[in-house]
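Quick one: sequence and predicted model below, then my questions.
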Amino acid sequence: LAAGASAAQLGTAFVAAPESGAHALHKQALTNPLFTRTELTRAFSGRPARGLVNRFMREHGPYAPAAYPEIHHLTSPLRKKAAASGDPQGMALWAGQGHRMARELPAGQLVEVLVAELASARTALSTGGDLR
């Protein structure tokens with residue numbers, strides 16, 4: 001928003017919340033230093049989605065066809081096995097570009113924090129202040 005956007009998507013911000021149905025390994029990966037960036041890929045489902053770059057994405061992403069839902073059904077057992085064995089390198093770790101800002105807060109508390117941060121940022125921008 002500070003860069004001029006009129007809106008922002010915050011789905012990833014809620015993945016780490018206790019109420020989220022995301023796998024615990026997915027939640028942990030959001031802040032794990034092994035996962036530093038995101039990319040668009042068709043590797044897991046056959047249609048483009050943004051996720052944390054892991055081994056599965058690196059190895060299969062460049063070759064994945066646009067074939068949803070066939071690819072989704074084909075990779076489902078692999079993803080489930082990776083999750084069951086504790087291997088986030090084989091899971092679909094969906095995340096937006098700002099995944100490092102995710103916080104482990106209950107959803108209601110996270111909304112309150114985000115509202116307060118937005119108000120603070122707006123005030124700083126309107127007075128010419130620094131957002132840091």
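Looks like it arrived, so ask away. Residues are numbered from 1 along each chain as shown.

center of the protein, which residue is that?
A95 (1.4 Å; Cα atoms, centre = their mean).

and the helix or strand harbouring V111, what's its mean pLDDT?
According to DSSP states H and E, V111 maps onto helix 107-126. The average pLDDT within helix 107-126 is 91.

List the residue ranges of this protein that fall below the pLDDT cut-off.
Residues of the chain meeting the criterion pLDDT under 70: 2, 129-132.

quick one: the helices in it?
24-29, 55-60, 70-84, 107-126 (DSSP state H).

and the second one, how far from the chain's centre?
Computed by Cα atoms, centre = their mean, to the nearest Å, the separation of helix 55-60 from the middle of its chain amounts to 17 Å.

Tell me which residues are up against that helix.
By Cβ atoms under 8 Å, 6 or more residues apart in numbering, the surrounding residues in contact with helix 55-60 are 39, 41, 43-44, 51, 78, 82, 89-92. In short, each C-beta sits where N, CA and C put it, glycine included.

possible to save these as JSON lines with distance to M57?
Shown next, in JSON lines, are those (distance: Cβ to Cβ, whole Å):
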{"residue": "E39", "distance to M57": "7"}
{"residue": "T41", "distance to M57": "5"}
{"residue": "A43", "distance to M57": "5"}
{"residue": "F44", "distance to M57": "8"}
{"residue": "G51", "distance to M57": "6"}
{"residue": "L78", "distance to M57": "12"}
{"residue": "A82", "distance to M57": "12"}
{"residue": "Q89", "distance to M57": "9"}
{"residue": "G90", "distance to M57": "10"}
{"residue": "M91", "distance to M57": "10"}
{"residue": "A92", "distance to M57": "9"}
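
Going by distance to P65, which of those wins?
A43 (10.1 Å; Cβ to Cβ).

Does the closest one touch L78 like I think?
No: using Cβ atoms under 8 Å as the test, A43 is too far from L78 to be in contact (10.4 Å).

what's across from the nearest residue to P48 once chain neighbours are set aside in the sheet?
The shortest distance from P48 to any non-neighbouring residue, by Cβ to Cβ, 6 or more residues apart in numbering, is to L40 (4.9 Å). On the basis of DSSP bridges, L40 is bridged to R50.
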